[in-house]
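Visitor: Have a look at this prediction, sequence included:
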Amino acid sequence: MSTCTACTDRDAGDYYLCERCFGLLEQRLLNMPDLYAELSIIPRVTGLAEVVTAAPAEARAPIDLNALDMPGNAAWTLEIRRRDIQRVRWPDRSGPAPASLMAHCRWLRMELEWIAASYPAVAELAAEVRKLESQALSILGTPPRRAQQLGSCIAVTDDAGTVCGAALRRYPGEVVRCRKCRTEYRTEADLLLLQHFQPQESA
Ligand SMILES: [Zn+2]
Ligand SMILES: [Zn+2]
């Protein structure tokens, strides 16, 4: 039994990371290549000024011109970390060849089980990855939470077989609940039925 070296709070068992910190790190490594790909495209297309003004107010921090080379810096940060991990794991082998951010993220994800169990400085990796993500988000802005449109309610509301028909929407992660008749669509079977009985588009 040991305490997580990243959050210094939860139990990590035989690992250096608790389950939650492990999951967060894995998810961030998964998202990072897309995030930085977006970052490297947008300034060239629209100009940095427009990117900055398009970002939500709270994200409109003064722009560091280093931001323009953020993808390169991110790949370099992970390369140095990966070199250290490989030095611990395979002291006799030479380090990794220079690679893309995507390749480093993929390698780290594939080896994450070993890293969390056997690399004592994994909390530093977790902190670096978290920082890289928030740097990118401070330029791009956090994506707005958009309501998902899920068609119309299929609940039968009276003995004559009248279908409710109200538009269903929800925010990601919420239960689908009709605002008009209060029917909830909770299970996968509910959602499949909902999809199946959607009125045909007359177009
Ligand atoms: Zn933790
Ligand atoms: Zn309804």
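Guide: Good, I have the coordinates. Numbers count the residues shown, from 1 in each chain. Ligands and ions are numbered 1, 2, ... in the order given.
Visitor: How about the residues of this structure by ligand 1?
Guide: Within the chain, the residues that sit near ligand 1 (Cβ under 5 Å from the ion) are Cys4, Ala6, Cys7, Arg10, Cys18, Cys21. (Glycine included, C-beta is placed from N, CA and C.)
Visitor: and Leu168, that's in a helix?
Guide: No. Under DSSP: H, G, I helix; E, B strand; the rest coil, Leu168 sits outside any helix and is assigned strand.
Visitor: The residue nearest to it when sequence neighbours are not counted - how many residues pack around it?
Guide: Spatial nearest neighbour of Leu168, chain neighbours left out: Leu150 (4.3 Å); criterion: Cβ to Cβ, 6 or more residues apart in numbering. Around Leu150 there are 17 other residues, counting by other Cβ atoms under 10 Å.
Visitor: Check the secondary structure at Leu150 for me.
Guide: At Leu150 the chain is in strand, as set by three-state DSSP.
Visitor: just to revisit the earlier point, which members of the residues of the chain next to ligand 1 are the farthest-apart pair?
Guide: Ala6 and Arg10 (9.2 Å; Cβ to Cβ).
Visitor: Between those two, which has more neighbouring residues?
Guide: Neighbour count, other Cβ under 10 Å: between Ala6 and Arg10, Ala6 has more, with 24 against 14.
Visitor: pretty sure that one contacts Ala126?
Guide: Yes. Assessed by Cβ atoms under 8 Å, Ala6 is found in contact with Ala126 at 4.6 Å.
Visitor: what touches both of these two?
Guide: Shared contacts of Ala6 and Ala126 (Cβ atoms under 8 Å, 6 or more residues apart in numbering): Leu17, Cys21, Leu25.
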